[in-house]
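J.: from the sequence below, what's the structure:
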Amino acid sequence: MGLKPKILIADDEPLTLEVVVERLQAEGYDIEVATCGKEALEAADKFSFKLVLTDLFMPDINGMEVLRHFVEHFPETPVIVLTGFGTIETAVEAIKHGAYDYLSKPANLDEIVLTLKRAIEHKDLKEQNVALRSQILEQHRLERLIGQSAPMHQLYNIIRRVAKTDSTVLITGESGTGKELIANAIHFQSPRNDMPFVPINCGAIPEELLESELFGHEKGAFTGAFKERRGRFELANKGTVFLDEIGEMSPKLQVKLLRFIQETKFQRVGGSRTVEVDVRILAATNKDLERAVAENEFREDLFYRLNVIPIHVPPLRERAGDVALLVRHFLNQHCVKKNLPLKRLSPAALESLKQYDWPGNVRELENVIERLVILTDADEIQFNDLPKRMQTVEVVAVEPETTFIEIGEDGINLKELLDNLENRLILDALQRTGGVKNKAAKLLGLNRTTLIEKMKKKQIDFPA
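T.: Below you'll find the predicted structure:
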């Protein structure tokens, strides 16, 4: 059973106090009583109240001063003003100064109880909204992007600087690199973060429908337009629109988009009324738009309007040092989501994933990890559990301290294999010790500083 909501009641009339306190205690509230304004202010500094019910006219310090004190110092606590000298003017003044509501004496106990419940529900809802918003921002803050490699740190620096502005951004990168995640990070780091973030995939919607999706339509504009509909730009007013796969947009729509960017105005499909909105535009593509411009497949003037600030998201093969971090993240994520015991990768399996080229980038890596989580029974995913295309030359451990390597018909690259072996042994030691570098160094017969230097040189990132 949770704690009872604590309420402060301030009133200098003993009979009113007795009646109201008795009823509210019966309703399950924990009551703190103040018989004057001074006692009410003293109680405010001692306790945390869910709500305050105060008489307006009291000796020494009146209820309006009590109200002002709570509004200034405890703005999240609703205050209800109760008085026997109620007039429209005093009610308006109390509400104007921040009172949640205003009730008149003689006290109607049912009305007091109902008003208190509504005020507390309102307070709880506000707190839930604040918590939810904090959670959303947490999910989209920059630190949620996975990666500690040099290319990712460069990307983070650009995002931080770009987010503060209202400039149009063109995000480029191969399919699966996380361009929408970057757009999300820019929006939620920006001053517009409390307004809508509205994404639309320009390549997934037929041309004849995309215009309506972006700009909306009037009733009767085309077959099936049974009522007026607002488009994505209107829905995102004061916020951000993310135009994914912008390179797939038809020439006709490119013209209309260019005009909108220049004027911030448009007309709905089938309409004549001009609509003006304030939105920031982020666009993304996996195409080479400069080549598309040269080949007359994309408007040059629109390209320059979109490409005010270009951001290139590096492919996963250029950030191999991040593979271990991403693997660990996706393993935890999918094991928790599917209610399975947490799994880990053997050093050989992890090293093989690090050496793989990842043509499908982070999306491909996540799909592989999800498949391995579902299809692997053991807690440790082995080299042989990996898809065949990801199985590189395997190091087979026959005894704890002995390793044999098969020499194929074409020979071997001894330097590369020894380097890979060292990587795997370091990863194995880190995995066995939960990432504690002191313990891992002891297992390997190294000094802690030597291990850290090797990890930096090899771009091995294994957080504890």
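J.: would you map the helices across the stretch 301-450 of the chain?
T.: Listed in chain order, the helices of the stretch 301-450 of the chain (DSSP state H, counting those that start in this stretch) span residues 323-337, 347-355, 361-375, 414-432, 437-444, 448-458.
J.: any chance of those helices in TSV with mean pLDDT, distance to residue 153 and mean neighbour count as columns?
T.: Where C-beta positions appear, they are placed from N, C-alpha and C, glycine not excepted. Formatted as TSV, the helices of the stretch 301-450 of the chain follow (pLDDT from 0 to 100; distance: least, CB to CB, whole Å; neighbours: other CB atoms under 10 Å):
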stretch	mean pLDDT	distance to residue 153	mean neighbour count
helix 323-337	91	13	18
helix 347-355	89	19	22
helix 361-375	95	17	18
helix 414-432	77	22	17
helix 437-444	86	21	17
helix 448-458	84	14	14
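J.: for those helices, which one sits closest to residue 179?
T.: helix 361-375 (10.2 Å; CB to CB).
J.: now the angle from the closest one to helix 347-355?
T.: 150 degrees (axes from the mean of the first three to the mean of the last three CA atoms, to 10 degrees).
J.: CA-only coordinates of helix 361-375 in CSV, if you can.
T.: Extracted C-alpha coordinates of helix 361-375, given in CSV (Å, rounded to 0.1, in the frame of the first residue of the first chain):
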residue,chain,number,x,y,z
ASN,A,361,25.7,-1.9,-42.0
VAL,A,362,24.3,-1.6,-38.4
ARG,A,363,20.8,-2.9,-39.6
GLU,A,364,22.4,-6.1,-40.9
LEU,A,365,24.4,-6.5,-37.6
GLU,A,366,21.2,-6.1,-35.5
ASN,A,367,19.3,-8.6,-37.6
VAL,A,368,22.2,-11.1,-37.3
ILE,A,369,22.3,-10.7,-33.5
GLU,A,370,18.5,-11.1,-33.2
ARG,A,371,18.7,-14.3,-35.3
LEU,A,372,21.5,-15.7,-33.1
VAL,A,373,19.7,-14.9,-29.9
ILE,A,374,16.6,-16.8,-31.1
LEU,A,375,18.3,-19.8,-32.7
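J.: what does it contact?
T.: By CB atoms under 8 Å, 6 or more residues apart in numbering, the residues outside helix 361-375 that reach it are 174-178, 315-316, 323, 326-327, 330-331, 334-335, 338, 340, 343, 353, 358, 360, 381, 385-387, 390.
J.: that older thread, I'd like the helices of the stretch 301-450 of the chain as a markdown table, with distance to residue 91 appended.
T.: Shown next, in a markdown table, are those (distance: least, CB to CB, whole Å):
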| stretch | distance to residue 91 |
| --- | --- |
| helix 323-337 | 52 |
| helix 347-355 | 68 |
| helix 361-375 | 58 |
| helix 414-432 | 68 |
| helix 437-444 | 67 |
| helix 448-458 | 68 |
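J.: residue 210 is nearest to which of these?
T.: helix 361-375 (23.6 Å).
J.: low pLDDT regions in the stretch 51-200 of the chain?
T.: 85-88, 130-144 (pLDDT under 70).
J.: which parts of it are helices?
T.: Using DSSP H, counting those that start in this stretch, helices in the stretch 51-200 of the chain cover 63-73, 88-96, 109-140, 150-163, 179-188.
J.: buried stuff in the shortest one?
T.: So that's helix 88-96. Within helix 88-96, the residues that count as buried by 16 or more other CB atoms under 10 Å are 90-91, 93-94.
J.: same question for stretch 228-247.
T.: Quick answer for stretch 228-247 (16+ other CB under 10 Å): 229, 231-234, 236-237, 239-247.
J.: can I see the domain layout of this protein?
T.: The chain resolves into domains spanning 6-135, 143-314, 318-458 when parsed by automatic domain parsing.
J.: pretty sure residue 38 contacts residue 65?
T.: No. In this structure, residue 38 is not within contact of residue 65 by CB atoms under 8 Å, at 9.7 Å.
J.: now do the contacts for residue 176.
T.: Contacts of residue 176 by CB under 8 Å, 6+ apart are 360-364.
J.: between those, which is nearest residue 165?
T.: residue 362 (26.5 Å).
J.: relative to residue 180, how far out is that closest one?
T.: Relative to residue 180, residue 362 is positioned 12 Å away (criterion: CB to CB, to the nearest Å).
J.: tell me how far the closest residue to residue 113 other than its chain neighbours lies from residue 210.
T.: Nearest residue to residue 113 in three dimensions, chain neighbours excluded: residue 27, at 5.8 Å (CB to CB, 6 or more residues apart in numbering). If you measure residue 27 against residue 210 using CB to CB, the figure is 56 Å.
J.: what about the two, which has more around it?
T.: residue 210 (22 against 16; other CB atoms under 10 Å).
J.: so which helix or strand takes in the more buried one?
T.: Here residue 210 sits within helix 207-215, counting by DSSP states H and E.
J.: also residue 281?
T.: strand 280-285.
J.: could you point out which element follows that strand?
T.: helix 289-294.
J.: extract the CA atoms of that following helix and return them as CSV.
T.: Output of helix 289-294 as CSV, limited to C-alpha atoms (Å, rounded to 0.1, in the frame of the first residue of the first chain):
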residue,chain,number,x,y,z
LEU,A,289,22.8,13.4,-55.3
GLU,A,290,25.6,15.3,-56.9
ARG,A,291,25.8,12.5,-59.6
ALA,A,292,22.0,12.6,-59.8
VAL,A,293,22.1,16.3,-60.4
ALA,A,294,24.7,15.8,-63.2
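J.: flag every buried residue along it.
T.: 289, 292-293.
J.: kindly reformat those residues as a markdown table containing distance to residue 446 and pLDDT.
T.: Output for the buried residues of helix 289-294, formatted as a markdown table (distance: CB to CB, whole Å; pLDDT from 0 to 100):
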| residue | distance to residue 446 | pLDDT |
| --- | --- | --- |
| 289 | 49 | 95 |
| 292 | 52 | 95 |
| 293 | 54 | 96 |
